[in-house]
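K.L.:
3D model of this:
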Amino acid sequence: MVATAVLFLFIGGISVVVDASMRVVGTARAKYIGATFAQKKIELARNLPYDDVGTVGGIPPGLLPQQESIQVGALNYDVRVTVYYVDDPYDGVAPTDLLPVDYKRVKVAVTWDGPFASNSPLELWTDISPKGVETLAGAGTLSLQVFDSLGAPVVGADVLIVNDQVTPAVNLSTLSDSSGRVLLPGALACVECYEVTVSKDGFTTDRTYGTDEVDIPNKPHISVIEGEVSEASFAIDKTSTIHYKTVRTAEYNYAPINSVQMHVYGSKLIGTTALGEPVYAYDQMIVTQPPNGEIYVGNMAWDQYTVEIPLGSAVEEAGTSPLVPFALSPGQELTFYMVVAAST
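P.N.:
So this is what the prediction gives:
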């Protein structure tokens with residue numbers, strides 16, 4: 001019996017060692033394949049003409065795809081390429097340096113999932129310099145800043161830039177840096193053509209608007225002027241939730257009442273109509289639901305909100321808690337009570 005137990009322990013120990021060894025070998029092989037893909041992209045970029053060193057739909061534009069999926073056996077590789085101009089401080093930096101396009105930096109990030117999935121991206125990068133003097137003919141610099149509700153920079157915000165009015169068209173996804181900035185020299189010049197949307201997981205969204213959405217937008221699509229820096233700022237923060245509850249008056253012991261329609265709007269404006277009327281960032285009709293006369297509304301932005309009972313409703317407002325307009329902070333969960341009585 002003792003000999004059998006010892007044998008089982010011995011076999012079990014060998015199995016653990018073999019399993020660990022296979023994982024080490026498998027992980028090393030998966031990493032080697034990922035590094036090979038990254039190195040091939042780097043070599044491809046180095047062998048391209050300088051004007052073609054860029055990404056399809058990116059700034060600067062070029063021949064390198066922004067994303068590529070490659071399957072090797074049970075491993076699925078995701079290869080992402082980013083190309084951007086570097087503004088070397090040797091000759092000053094933007095906005096003082098009106099030609100902040102000293103050279104291009106190519107970065108390749110590879111991740112993979114499967115039996116030996118990556119824990120973090122495998123990254124390689126290289127700098128590629130022009131053969132002559134830096135130029136920015138027909139282009140300018142797009143400078144975007146992302147803040148939170150207190151004015152602090154937001155790191156790692158998702159920034160989507162779309163422009164189908166230039167050739168080649170732009171469709172670029174990038175992230176704000178450690179100072180909340182996205183700096184893109186080499187953006188082709190055009191008027192109110194760069195559509196920018198800024199977001200982040202668990203955060204609100206801020207974006208530009210076209211005249212097809214708002215007659216006179218406060219933040220129109222961005223124009224880029226040749227040889228100049230075009231700046232725009234965006235504010236995002238954690239989303240909030242409002243729990244609306246509609247109840248009867250005190251004589252009914254504040255019993256819940258269902259199917260009450262309410263008009264909710266904030267104070268932030270995205271622009272005005274041609275007649276000068278305000279267009280609110282948030283302006284919605286909501287209806288409380290049975291059985292308890294309530295409704296949860298999430299993904300709300302921080303703002304001052306007003307809640308009203310529309311004219312012609314069967315009920316009218318008899319009081320609210322908190323009083324309107326009320327302030328909603330980033331990341332807050334707020335309960336709002338609307339006390340109603342029969343319309344008179």
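
K.L.:
measure the nearest residue to Ala342 once chain neighbours are set aside to Ser343 for me?
P.N.:
Leaving aside its chain neighbours, Ala342 sits nearest to Val315 (6.1 Å; criterion: CB to CB, 6 or more residues apart in numbering). In short, each C-beta sits where N, CA and C put it, glycine included. Distance from Val315 to Ser343, counting by CB to CB, to the nearest Å: 6 Å.

K.L.:
related to what we said a few turns ago, and the residue nearest to Ala342, what does it touch?
P.N.:
Contact analysis of Val315 by CB atoms under 8 Å, 6 or more residues apart in numbering lists 257, 260, 309, 340-343.

K.L.:
at 10 Å instead, please
P.N.:
Counting by CB atoms under 10 Å, 6 or more residues apart in numbering, Val315 makes contact with 246, 248, 257, 259-261, 309, 338-343.

K.L.:
now, which of these lie within strands?
P.N.:
246, 261, 338-342 (DSSP state E).

K.L.:
now the residue nearest to Ala342: how far from Tyr337?
P.N.:
Note on Val315: its distance to Tyr337, by CB to CB, is 14 Å.

K.L.:
which ones are touching Cys193?
P.N.:
Taking CB under 10 Å, 6+ apart, we find Cys193 in contact with 162-166, 170, 187, 210, 221-224.

K.L.:
cool, Glu68 as well?
P.N.:
By CB under 10 Å, 6+ apart, the neighbours of Glu68 are 37, 41, 77-81, 110.

K.L.:
and the gap between it and Pro168?
P.N.:
Separation of Glu68 from Pro168 (CB to CB): 18 Å.

K.L.:
if we can go back for a sec, can you tell me which of the ones in strands among the contacts of Val315 is closest to Glu192?
P.N.:
Gln261 (37.3 Å; CB to CB).

K.L.:
Mind listing the residues bridging to the closest one?
P.N.:
Val287 (DSSP bridges).

K.L.:
doesn't Met285 make contact with it?
P.N.:
Yes - using CB atoms under 10 Å, Gln261 makes contact with Met285 at a distance of 6.1 Å.

K.L.:
Overlap of the contact sets of the two?
P.N.:
By CB under 10 Å, 6+ apart, the residues touching both Gln261 and Met285 are Pro310.

K.L.:
More neighbours: the two, which one.
P.N.:
A side-by-side neighbour count of Gln261 and Met285, using other CB atoms under 10 Å, places Gln261 first with 14 against 10.

K.L.:
Now do the helices in the stretch 1-150 of the chain.
P.N.:
Ranges of helices in the stretch 1-150 of the chain, per DSSP state H, counting those that start in this stretch, are 2-46.

K.L.:
Could you count how many residues lie near Asp303?
P.N.:
21.

K.L.:
How about Tyr194: which residues does it bridge to?
P.N.:
Ile222.

K.L.:
I figured it was touching Arg207, is that so?
P.N.:
No - with contact defined as CB under 10 Å, Tyr194 and Arg207 do not form a contacting pair (11.2 Å).

K.L.:
Give me the common contacts of these two.
P.N.:
The contact lists of Tyr194 and Arg207 share His221, where a contact means CB under 10 Å, 6+ apart.

K.L.:
Looking at the two, which one has more neighbours?
P.N.:
For the pair Tyr194 and Arg207, the greater number of neighbours falls to Tyr194 (27 against 16), based on other CB under 10 Å.

K.L.:
so how far is Asp237 from the closest residue to Gly26 other than its chain neighbours?
P.N.:
Nearest non-adjacent residue to Gly26, counting by CB to CB, 6+ apart: Phe116, 4.4 Å away. Distance, Phe116 to Asp237, by CB to CB: 38 Å.

K.L.:
so how far is Val155 from Val198?
P.N.:
For Val198, the distance to Val155 equals 13 Å [CB to CB].

K.L.:
Same question for Leu144.
P.N.:
On the measure of CB to CB, Leu144 and Val155 end up 14 Å apart.

K.L.:
can you list residues touching both of these two?
P.N.:
176, 180-181.

K.L.:
Out of the residues you listed, which comes closest to Gln289?
P.N.:
The nearest member of the shared contacts of Leu144 and Val155 to Gln289, counting by CB to CB, is Ser176 at 38.3 Å.

K.L.:
isn't the closest one right up against Val198?
P.N.:
Yes - Ser176 is within contact range of Val198, at 7.9 Å (criterion: CB under 10 Å).

K.L.:
Which one's more surrounded, those two?
P.N.:
Per other CB under 10 Å, whichever of Ser176 and Val198 has more neighbours is Val198, with 28 against 23.

K.L.:
The helix or strand where the more buried one lies: how far from the chain's middle?
P.N.:
Assigned by DSSP states H and E, Val198 falls within strand 190-199. Strand 190-199 sits 14 Å away from the centroid of its parent chain (CA atoms, centre = their mean, to the nearest Å).

K.L.:
Tell me which residues of that strand come out buried.
P.N.:
190, 193-196, 198-199 (16 or more other CB atoms under 10 Å).

K.L.:
try stretch 142-152
P.N.:
Quick answer for stretch 142-152 (16+ other CB under 10 Å): 142-149.

K.L.:
and those as TSV, adding pLDDT?
P.N.:
TSV is the format used below for those (pLDDT from 0 to 100):
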residue	pLDDT
Leu142	91
Ser143	91
Leu144	95
Gln145	95
Val146	96
Phe147	94
Asp148	95
Ser149	94
